[in-house]
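Participant: Let's see this in three dimensions:
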Amino acid sequence: MDKHFKSVLAVSIAFVLGCGFNSMAISNCTINSIAVVDIPKIVAQSSQVKNLKAEHDKKKADMVQFMNKAKSEIDAQTDVNKKKTIAQKYEKELAAKREAASKDYAKKLAQIDKDITAVIVKQAKTMGYDMVLAKNSVLFGGDNITDTIIKNIK
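Facilitator: Here you go, the predicted structure:
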């Protein structure tokens, strides 16, 4: 009986100590504050994105005008060999213009992404958030700070 009592006492002490350590561990856990942002909404409201789209549309219109000019010059030519030469010249020019426009667009888009991300990070830190997630990847929870971010985006 004495042995049984000691083993029950040892198990009880171990249980109490385990519960104590567990509650200390839980009390030291910090709950992170999490914000969510609606990225498509922020991008749609960005004046930088709107300006880039307008610039891109203008470049597309310029290319259409260039192609129309090339077509009329090619159609005006009667010599078949000269037509081929002119067509090849314009195709090279058009390809170079498309390549330059595409690179410029990608570069500017990357900079806009960087700027928007910087605003989100700065605002989230100012508001005391530890983490920001895209709204479309969160099913539940998090404070939606999208409208605050939109006010601070250029």
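
Participant: and the next element down the chain from whichever helix in the chain runs longest?
Facilitator: The residue-count maximum for a helix in the chain (DSSP state H) belongs to helix 80-126. For helix 80-126, the following helix or strand on the C-terminal side (DSSP states H and E) is strand 131-134.

Participant: what's that next one packed up against?
Facilitator: strand 34-37, helix 80-126 (3 or more Cβ pairs under 8 Å, 6 or more residues apart in numbering; DSSP states H and E). No exception for glycine: its C-beta is placed from N, CA and C like everyone else's.

Participant: mind checking which of the ones you listed is nearest residue 50?
Facilitator: Closest to residue 50 of the helices and strands packed on strand 131-134 is helix 80-126 (Cβ to Cβ; 10.4 Å).

Participant: got the helices and strands packed on strand 131-134 as TSV, with mean pLDDT and mean neighbour count columns?
Facilitator: TSV is the format used below for these (pLDDT from 0 to 100; neighbours: other Cβ atoms under 10 Å):
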stretch	mean pLDDT	mean neighbour count
strand 34-37	92	21
helix 80-126	92	13
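
Participant: Let's have these in CSV, adding distance to residue 152.
Facilitator: Output for the helices and strands packed on strand 131-134, formatted as CSV (distance: least, Cβ to Cβ, whole Å):
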stretch, distance to residue 152
strand 34-37, 12
helix 80-126, 5
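
Participant: Which one of these lies nearest to residue 48?
Facilitator: helix 80-126 (4.7 Å).

Participant: From the chain's centroid, how far away is that closest one?
Facilitator: Computed by Cα atoms, centre = their mean, to the nearest Å, the chain-centroid distance of helix 80-126 equals 18 Å.

Participant: Same question for stretch 135-154.
Facilitator: The answer for stretch 135-154 is 13 Å, by Cα atoms, centre = their mean.

Participant: Now do it: everything it contacts.
Facilitator: 33-42, 45-48, 115-116, 119-120, 122-124, 127, 129, 132-133 (Cβ atoms under 8 Å, 6 or more residues apart in numbering).
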